[in-house]
Every structure is written in structure tokens, then in C-alpha cells.
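[1] With the sequence up front, the predicted model follows.
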Amino acid sequence: MAKNIIITNGVGEEEIINGSFDVAAVVTGYDNSTISPASISVVEGTNTYNFTISATGVLTLHVTEDGTSSGTPIVGATFVRVDSEGNTYSSLITTDSNGDAVFEHVPFAESGAPVVYFRQTASDGEHEFDNSIQNVTLTTSSEVIQIENAVGALRTITLTDANYNNLPISGELILTNE
């Protein structure tokens, strides 16, 4: 007799008798053959069983100054995989010399694939970036998303004497990111 357990946000509950069971998965966007463990023994006194499953999609975030495929690449921008609330589920992924940050093992499906959330955490120190939660749904096994990290805006900085009203001062100011 088979038990179908509906999993929502990573958790499901079902009344299951003690015994040995083969495990199969039906999860859109994932490689169902990677369910692990593929069999379990349900025993008295153990009420929690954990499983993992893998996806095979690849999401490439291509980061350039103008957000186009032919723009100047940004090297050293960092991203993390997050959920819709912003909770982090990966280590930092850093753009390479081509401006590419590659997330491997993300879900994809022609239709009904789960949403993949990510957030940029830094750029290269010379470019602006959007640190809001962004998302994409992959409909093919490999997709490239264009991300813009524009050059910082030209700012006018003035330095005047604190004791002599509007007396311009020559020198150097050093701004260091916190």
C-alpha cells in the first residue's frame, strides 16, 4: 500500500505504520531519481524522517555595467540564494572575469517550476547594485539573466574651513566602505 505525502515548504505529515518502504518523489523542477534515501525503515519511537533531492538546472547571472550581454563585465560581485523572505541558503557566489556568477543545481521545468530567489550582496566597490530579493523561474536547464551594476554617479564634494565661512580648502578626503 502506498502513502502519498504532500510536502509544503519542506514539510509534510502522514500517519505511517512501522515497516520498510521504498521512496519515490514527484517534485516539479527536480531530478526525482535523486531522492535520498531511496528506502527507509519506519520504526517505533522515531517520528521524523529527512530526505533530500537535487535539481540539475544552471542559473548564470551575467553582471555588466549596463545590464546587457555585451556590456563591460563586473568582476567580484557577490550573490546568494535566498527564499522569498530573504533567508540565505548558499555561500557567496562571485562573478568571474566574464562577469558570470553561476548557481548550479537549481530547479527547472517547462511549466510549474519553483521560483528561484537570489540577492546581490556586493559589487566590486566601483559600481552600484540592487540588493533587493530578485527571482526567476527557469523553464530550461540553463538560463542566463542579465544584471546591471552601473558605475557610481559623479558626485561633487566640497571642503571648507570650519571656522572661516565658505573658505575653500585643498586636500584629500578618503571614503572607506563600512
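    Done, it's in. It should be emphasised that the depicted structure is a prediction, and the values quoted were computed from it without experimental measurement. Numbering: from 1, shown residues only.
[2] What residues does Val82 make contact with?
    Shown in contact with Val82 (Cβ atoms under 8 Å, 6 or more residues apart in numbering): Thr88, Tyr89, Tyr117, Phe118, Arg119, Ile133. Glycine gets a C-beta too; all of them are placed from N, C-alpha and C.
[3] all strands of this structure, in order?
    Remark: strands assigned in the chain by DSSP state E are 19-22, 31-36, 39-42, 52-54, 57-64, 78-82, 93-94, 100-106, 116-122, 133-136, 142-148.
[4] Could you identify which of the contacts of Val82 has the most neighbours?
    Neighbour counts for the contacts of Val82 peak at Phe118, which has 23 neighbours (criterion: other Cβ atoms under 10 Å).
[5] What residues does that residue make contact with?
    Counting by Cβ under 8 Å, 6+ apart, Phe118 touches Leu59, Leu61, Phe79, Val80, Arg81, Val82, Phe103, Ile133, Gln134, Asn135, Val136.
[6] what mean pLDDT would you report for stretch 25-40?
    The average of the pLDDT scores along stretch 25-40 is 96.
[7] Let me know the outermost residue of the protein.
    Tyr164 (51.9 Å; Cα atoms, centre = their mean).
[8] from the contacts of Val82, which two are the most distant?
    Tyr89 and Ile133 (12.3 Å; Cβ to Cβ).
[9] Going through the contacts of Phe118, which ones are buried?
    The neighbour count (16 or more other Cβ atoms under 10 Å) marks Leu59, Leu61, Phe79, Val80, Arg81, Val82, Phe103, Gln134, Val136 as buried among the contacts of Phe118.
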